[in-house]
Each structure stands twice: as structure tokens, then as C-alpha cells.
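In: I need the structure of the sequence given here:
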Amino acid sequence: MRCVTDAVEEDQTTGLRSTVAQERQAYGHGEDRPLGSFVGLMAAYAGAVSVGAVAVRRRGLPERLPWADLALMSVATHKLSRLIAKDPVTSPLRAPFTRFAGTSGEAELAEEVRGTGPRKAMGELVTCPFCVGQWAATGFAFGLVLAPRATRLAAAVLTSLTAADFLQFAYTTAEQRQQG
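Out: Numbering: from 1, shown residues only. Purely as a prediction, here's the structure:
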């Protein structure tokens, strides 16, 4: 009886693998899309959120999030995600997963994702400011509950840096108009 059960389980496993392979092929249109590795990244994110949720549960949620904190967190999330995904100085963090492809704007790099599987999935994550933004916003949200003073200070630094960036762009634009 044991052999029959093992054979059925093996057939089910083989059938599942075949279905997953077919779905991966149909989804990718011939391109290597690291769907399994994306599942791994989602699991890592879910794990981090679960750990954060346990810590927050012990501490307790705030009644509400003040608008000032939401604004500070929003601008800081934007800046942190651009720093991680596009800044030349943080390129060593992305280098194991990317290849330099040029510049994409003032003080920002264009990079191509390299590798396959987990390496490619991580490259997709760290070169996408929208993707990094989800992780950053989650970190700021947990930070505001667990360590609000330190989180507000870090967010204030990033927010002031964003304002300084806009002033730099405005200054450069004014200079160019004056010269040209």
C-alpha cells in the first residue's frame, strides 16, 4: 500500500512541477522571468512584516498617524528609494546584481539587471525605486511605531535632502536660462 501512495504523490509532484513550468513559460513569452525568486522575495518581505507586526503588537498601534508624519514619511520614502535604486554612491550595493549602462538623469544611474534566478530577482528589486519604495515605506511605518524619534530624525534628513535636491535643480535651471 505504501508503494501506491508514494507513486501517487510522485505523480502529483511531477504534475505540479510540469504545471509550474508551463505557467512560467507562458508568462515569460520566452524571457527568463525569475518567478520562483520573486516568490522568495515576497516571502522575505512577508517575514519582515510578520516580525515587525509581532513587535508592534507588543508595543501597540497608535490611534492615528498624524498628517505631518505621513507627509514626512512619504517624502523620505521617495528619497530613500531613489538613493538605493539610482544613486551613484550606492552603486556598490547594486553591483552584484546589475551592470552599469549609463546615466538616467542628474546624479542618477541606469543599470541593467544581470544574472538569473535569485540574482536577477534581487537586481529587479534594487534597480526599481517603486519596488524599493514598498520596503522603505514599511520600514518607516514600523519605525514610527517602534522608534518614533529616531525614525522622524532619519525621515527629516531625507526630506531635507529632497528639498535641497529641488533647490539644486532650480538653481541649475536658473543658471542655464541666464546663460542661454
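
In: past the helix or strand of the chain at the bottom of the mean pLDDT ranking, which element shows up next along the chain?
Out: Here the helix or strand of the chain ranked lowest by mean pLDDT, DSSP states H and E is helix 2-28, holding a mean of 69. Downstream of helix 2-28, the next assigned helix or strand under DSSP states H and E is helix 35-59.

In: packing partners of that next one?
Out: helix 2-28, helix 117-126, helix 129-146 (3 or more Cβ pairs under 8 Å, 6 or more residues apart in numbering; DSSP states H and E). C-beta coordinates here come from the backbone N, C-alpha and C atoms, glycine included.

In: give me that answer again for 7 Å
Out: helix 117-126, helix 129-146 (3 or more Cβ pairs under 7 Å, 6 or more residues apart in numbering; DSSP states H and E).

In: next secondary structure element downstream of the longest one?
Out: Tracing the chain past helix 129-146, the next element assigned as helix or strand by DSSP H and E is helix 148-179.

In: which of the residues in that following helix are buried?
Out: If you call a residue buried by 16 or more other Cβ atoms under 10 Å, then helix 148-179 has these buried ones: 151-152, 154-155, 158-159, 162.

In: output stretch 74-93 as CSV, nothing but the C-alphas.
Out: Taking C-alpha atoms only, stretch 74-93 is exported to CSV below (Å, rounded to 0.1, in the frame of the first residue of the first chain):
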residue,chain,number,x,y,z
SER,A,74,6.1,59.9,2.1
VAL,A,75,8.9,62.3,1.1
ALA,A,76,11.5,60.3,3.0
THR,A,77,10.3,57.0,1.3
HIS,A,78,10.6,58.7,-2.1
LYS,A,79,14.2,59.9,-1.4
LEU,A,80,15.4,56.7,0.2
SER,A,81,14.1,54.6,-2.7
ARG,A,82,15.8,56.8,-5.2
LEU,A,83,19.0,56.7,-3.2
ILE,A,84,19.0,52.9,-3.1
ALA,A,85,17.9,52.3,-6.6
LYS,A,86,19.6,55.1,-8.6
ASP,A,87,22.3,56.9,-6.7
PRO,A,88,25.9,56.5,-8.0
VAL,A,89,27.3,56.3,-4.4
THR,A,90,25.1,53.3,-3.6
SER,A,91,26.0,51.5,-6.8
PRO,A,92,28.4,49.1,-4.9
LEU,A,93,25.3,47.8,-3.2
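
In: what residue ranges in the protein score low on pLDDT?
Out: 1-12 (pLDDT under 70).

In: and stretch 77-97, how far out from the chain middle?
Out: The chain centroid and the centroid of stretch 77-97 are separated by 10 Å under Cα atoms, centre = their mean, to the nearest Å.

In: how about stretch 115-122?
Out: 14 Å.
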